[in-house]
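Engineer: predicted model and sequence below, questions to follow.
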Amino acid sequence: VKSIRLASIVDVTAETAGFGLDDSELTITYIVTPYYRANGIELEKRKFEFPKKYNIQGLYTMLTEIAENNLETINR
């Protein structure tokens, strides 16, 4: 189990299910460096897959808002 702090999320991308057998995917990019304003920050990405019938739009919207707020806070 790996925890991702919401305050470390800086980008979120989504790939929705098509007409085939594709699943929906969310990819979260987050900072793993303990000091977010450090010169050499390290980023990691995690991909989460969801069944085709699961609507990821609400989760994607929420995580995107969090990422935008985090970037504003970091870049002040």
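Structural biologist: Received it, and whenever you're ready, just let me know what you need.
Engineer: ok, now which ones touch residue 47?
Structural biologist: Contacts for residue 47 (Cβ atoms under 8 Å, 6 or more residues apart in numbering) come out as 25, 26, 27. In short, each C-beta sits where N, CA and C put it, glycine included.
Engineer: unless I misread the structure, the last one falls within a strand.
Structural biologist: Yes. Judged by DSSP: H, G, I helix; E, B strand; the rest coil, residue 27 forms part of a strand.
Engineer: report the beta-bridge partners for it.
Structural biologist: In this structure, residue 27 bridges to residue 13, residue 47 when assessed by DSSP bridges.
Engineer: who's in contact with it?
Structural biologist: Per Cβ under 8 Å, 6+ apart, neighbours of residue 27: 12, 13, 14, 15, 45, 46, 47, 48.
Engineer: kindly report the same for the first one.
Structural biologist: Taking Cβ under 8 Å, 6+ apart, we find residue 25 in contact with 14, 15, 47, 48, 49, 50.
Engineer: a markdown table for those residues, including pLDDT?
Structural biologist: Shown next, in a markdown table, are these (pLDDT from 0 to 100):
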| residue | pLDDT |
| --- | --- |
| 14 | 94 |
| 15 | 90 |
| 47 | 95 |
| 48 | 93 |
| 49 | 92 |
| 50 | 91 |
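Engineer: perfect, I'm done here.
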